[in-house]
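Q: Curious how this folds, go ahead:
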Amino acid sequence: MNQRPIQGTVYGVILNDAASVQALGDLNAAPYKGAPKAPVLYIKPANTWAASGAVVGLPRGAPSAEVAATVGLVLGRPAARVPVADALACVRGLVLAADLSLPHASYYRPAIREKCWDSSLVLGAMQPLVDVAGLTLVTEVNGQPVDSRSLADLLRPPAQLLAEVSQWMTLQAGDVLLVGVRYQAPQAPAGSRLRISTSGLGSVEFTLAAGGQA
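A: Got it, this is the predicted structure:
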């Protein structure tokens, strides 16, 4: 697999599982003043993409990163205002992903520095579409399991998520829609060896290196 496994735009989603919504606290209080009524998206630009086996340098001064295991829907054709029943027909396959972030407590301001540094999205090879609800993602740090997440916990399953996003924006063939990351995912320090795996989609592996990026 080359170092740019995706051709398109990668969109991430937050607050798409009950545990994350609960952990964030009362969304009706300031500063949010209300729970989101639609999927909350962010972008992982092309500079963030890396393939399994990468060495990921932390930003300068950052001692650790959150390592969020997730899965991406790879679009095989444009999706614009598609109904739920037809949404997965637009999906060509799935990719396993490690979406890295610097620890941050609030979603009130866009977390650009925290989420968009070089090589902060490690992607596996594209695999055939399977039932995402049946997947359990396991995160290992230095060979030791530190987290296990079932994607049966998604508030918006893939077909619903894609259908809702497509109501206000068109996703193109080659775009990737990550199905959601957990709030405050497990952290790993510089020097750690990371592995994320799940049955049917293989694994992604990478190493976190001490920071030199501004």
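Q: When you work out contacts or count neighbours from here on, use the C-alpha atoms and nothing else.
A: Will do.
Q: pLDDT on stretch 184-191, on average?
A: The predicted model assigns stretch 184-191 a mean pLDDT of 93.
Q: so how far is that stretch off the chain centroid?
A: 15 Å (CA atoms, centre = their mean, to the nearest Å).
Q: what about it, start to end distance?
A: 20 Å (CA to CA, to the nearest Å).
Q: Residues touching it, excluding its own?
A: With contact meaning CA atoms under 8 Å, 6 or more residues apart in numbering, stretch 184-191 is reached by 58, 63-68, 103-105, 141, 146-147, 207-211.
Q: Out of these, which end up buried?
A: Listed as buried from the contacts of stretch 184-191 are 58, 63-68, 103, 141, 147, 207-211; burial here means 16 or more other CA atoms under 10 Å.
Q: what about the closest residue to Ala38 other than its chain neighbours, neighbour count?
A: Distance criterion CA to CA, 6 or more residues apart in numbering; nearest residue to Ala38, sequence neighbours excluded, is Glu164 at 7.4 Å. Other residues lying near Glu164 total 20 when counted by other CA atoms under 10 Å.
Q: now Gln187
A: 17.
Q: separation between it and Asp99?
A: Taking CA to CA, one finds Gln187 at 12 Å from Asp99.
Q: and if you look at Leu58?
A: With CA to CA as the criterion, Leu58 and Asp99 are 13 Å apart.
Q: quick one on the thing from earlier: okay, and the common contacts of Gln187 and Asp99?
A: Joint contacts of Gln187 and Asp99 (CA under 8 Å, 6+ apart) are Val67.
Q: tell me the secondary structure for the residue nearest to Ala38?
A: helix (DSSP: H, G, I helix; E, B strand; the rest coil).
Q: you'd agree it is up against Pro39?
A: Yes. The pair Glu164 and Pro39 passes the contact test of CA atoms under 8 Å, sitting 7.4 Å apart.
Q: Is it correct that Leu15 is in contact with Val179?
A: No. The criterion here is CA under 8 Å, and Leu15 misses it with Val179 at 10.2 Å.
Q: low-confidence ranges in this structure?
A: 1-6, 24-36, 104-112, 212-214 (pLDDT under 70).
Q: What segments of it are helices?
A: Remark: helices assigned in the chain by DSSP state H are 18-24, 84-87, 112-115, 158-165.
Q: who's in contact with the last one?
A: Residues outside helix 158-165 that contact it (CA under 8 Å, 6+ apart): 38-39, 73, 81-88, 132, 177, 179.
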